[in-house]
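Enquirer: Below is the sequence, then the predicted model.
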Amino acid sequence: QVQLVESGGGLVQAGGSLRLSCAASGRTFSSYTMGWFRHSPGKEREFVASIHWSVGSTYYKDSVKGRFTISRDNAKNTVYLQMNSLKPEDTAVYYCAAANSYDYRGPYDYWGQGTQVTVSS
């Protein structure tokens, strides 16, 4: 059974940093693209960043380029999202997802439960 478990969310002031983690288990993810998405009230869920587990290729939403960095630790089967220079508009529930594809657009088959990130002004 595939499980994606996010952690690392919290409350931070604008300009601060957080690192989200996504622990993946239940199968081999070497052929998978791992993505981070976010959803805030009144908005649609949006793509934030992705990384292919084996190839290491990364993609980012334009508004987070230069501030967020996605990475993975193969030994720990964990994907990270380092978020720096956080802004109030980054406030959302952040979800980890997995797609059996090289394409960062998915489709994403597995989703975590989400972790709340709140950035105060």
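Expert: Sure, I can see it.

Enquirer: Okay, and the residue nearest the centre of the chain sits in which element?
Expert: For the chain, the residue sitting closest to the mean C-alpha position, by C-alpha atoms, centre = their mean, is residue 36 at 2.5 Å. For residue 36, the host element (DSSP states H and E) is strand 33-39.

Enquirer: hmm, back to that, could you tell me the per-residue confidence at the residue nearest to the centre of the chain?
Expert: With respect to pLDDT, residue 36 has a value of 98.

Enquirer: thinking it is in contact with residue 71, fair?
Expert: No. Residue 36 lies out of contact with residue 71 (C-beta atoms under 8 Å); the separation is 11.2 Å. C-beta here means a position set from N, CA and C on the backbone, and glycine is covered the same way.

Enquirer: if I look at the two, which residues touch both of them?
Expert: Overlap of the contact sets of residue 36 and residue 71 (by C-beta atoms under 8 Å, 6 or more residues apart in numbering) consists of residue 79.

Enquirer: what's the model's confidence in stretch 62-76, averaged?
Expert: For stretch 62-76, mean pLDDT is 96.

Enquirer: which residues touch that stretch?
Expert: Under the contact criterion C-beta under 8 Å, 6+ apart, stretch 62-76 has outside partners 23, 34, 36, 48-51, 53, 56, 58, 60, 78-86, 89-90.

Enquirer: if you set the cut-off to 10 Å instead, what comes out?
Expert: With contact meaning C-beta atoms under 10 Å, 6 or more residues apart in numbering, stretch 62-76 is reached by 17, 19-24, 29-30, 34-36, 38, 46-54, 56, 58-61, 78-87, 89-90.

Enquirer: If anything else comes up later, I'll come back, but that's it for now.
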